[in-house]
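1. Sharing a sequence plus its predicted fold:
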Amino acid sequence: MHDFAVNTGLMLDRFIATTVDMSASSMDLLEKVNKIYDAMPQVMKALKDIDEIASQTNLLA
């Protein structure tokens, strides 16, 4: 019975450690996704500017 309790405790410790690691990874991923989201307006503006320049270049050709 003692061995069962010890093994169960060890498994729970590993489960908790894994859960904490996954939570930290999820928070890191969320932060990175938020940075990408925040940068999207700048990316869209740059793409629009490039498209306008390409259109003007095509008119000159």
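-> Perfect, thanks for sending it.
2. Kindly state the pLDDT recorded for the residue sitting nearest the centre point of the chain?
-> Taking Cα atoms, centre = their mean as the criterion, L29 is the residue nearest the geometric centre of the chain, at 3.0 Å. Looking at L29, its pLDDT stands at 98.
3. host element of it?
-> helix 2-60 (DSSP states H and E).
4. Would you mind measuring from the residue nearest to the centre of the chain to T18?
-> Distance, L29 to T18, using Cβ to Cβ, to the nearest Å: 16 Å. In this view, the C-beta of every residue, glycine as well, is placed from N, C-alpha and C.
5. try M40
-> From M40 across to T18, the span is 33 Å (Cβ to Cβ).
6. I50 too?
-> On the measure of Cβ to Cβ, I50 and T18 end up 45 Å apart.
7. picking that back up, and the residue nearest to the centre of the chain, how far is that from I16?
-> The spacing between L29 and I16, counted by Cβ to Cβ, is 20 Å.
8. Same question for N58.
-> 61 Å.
9. Equivalent analysis for K32, please.
-> 25 Å.
10. With T57 instead?
-> Relative to I16, T57 is positioned 60 Å away (Cβ to Cβ).
11. Check I50 too.
-> 50 Å.
12. need the contact list for K45.
-> With contact set as Cβ atoms under 8 Å, 6 or more residues apart in numbering, K45 has no partners.
13. and V33, how many residues sit next to it?
-> Residues contacting V33 under the criterion other Cβ atoms under 10 Å number 10.
14. next one: the one 10 residues further on
-> By the measure other Cβ under 10 Å, the count of residues near V43 is 10.
15. Cool, thanks, talk later.
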